[in-house]
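J.: prediction below, plus the sequence it came from.
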Amino acid sequence: MAGRVVSLSRARKDKARAEKRQQADANAARFGRTKAEKARDAAETARASDRLDQHRRDPE
């Protein structure tokens, strides 16, 4: 009948630790890139922006 005894402070700390780990993984994927990868992504973004601007209709 009795459930497992859980320390609430331990559970809170584990949850906070997991959230920090998730944020760290996201930051590593976002900022932990080589110079070539950053340049490629910047070029792709610029190319996409230019392509979008080329399809823009001029206001009449």
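T.: The structure has been received and is ready for your questions.

J.: can you say which helix or strand has residue 36 in it?
T.: Secondary structure assigned from DSSP states H and E places residue 36 in helix 35-54.

J.: go through that helix and flag the buried ones.
T.: Along helix 35-54, no position meets the burial threshold by neighbour count (16 or more other CB atoms under 10 Å). Quick note: C-beta positions are derived from backbone N, CA and C, even for glycine.

J.: average pLDDT across it?
T.: Averaging pLDDT along helix 35-54 yields 92.

J.: which neighbouring elements make contact with it?
T.: The helices and strands touching helix 35-54, judged by 3 or more CB pairs under 8 Å, 6 or more residues apart in numbering; DSSP states H and E, number zero.

J.: just the CA coordinates of that helix, formatted as PDB?
T.: The C-alpha atoms that make up helix 35-54 are tabulated as PDB, following Å, rounded to 0.1, in the frame of the first residue of the first chain:
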ATOM      1  CA  LYS A  35      33.500  28.800 -38.400                       C
ATOM      2  CA  ALA A  36      32.700  26.900 -41.700                       C
ATOM      3  CA  GLU A  37      29.300  25.800 -40.400                       C
ATOM      4  CA  LYS A  38      28.500  29.400 -39.200                       C
ATOM      5  CA  ALA A  39      29.500  30.700 -42.600                       C
ATOM      6  CA  ARG A  40      27.500  28.100 -44.500                       C
ATOM      7  CA  ASP A  41      24.400  28.900 -42.400                       C
ATOM      8  CA  ALA A  42      24.900  32.600 -42.900                       C
ATOM      9  CA  ALA A  43      25.200  32.100 -46.600                       C
ATOM     10  CA  GLU A  44      22.000  30.000 -46.700                       C
ATOM     11  CA  THR A  45      20.100  32.600 -44.700                       C
ATOM     12  CA  ALA A  46      21.300  35.400 -47.000                       C
ATOM     13  CA  ARG A  47      20.400  33.300 -50.100                       C
ATOM     14  CA  ALA A  48      16.900  32.600 -48.700                       C
ATOM     15  CA  SER A  49      16.400  36.300 -47.900                       C
ATOM     16  CA  ASP A  50      17.500  37.300 -51.400                       C
ATOM     17  CA  ARG A  51      15.300  34.800 -53.000                       C
ATOM     18  CA  LEU A  52      12.300  36.000 -50.900                       C
ATOM     19  CA  ASP A  53      13.100  39.700 -51.900                       C
ATOM     20  CA  GLN A  54      13.200  38.700 -55.600                       C
END
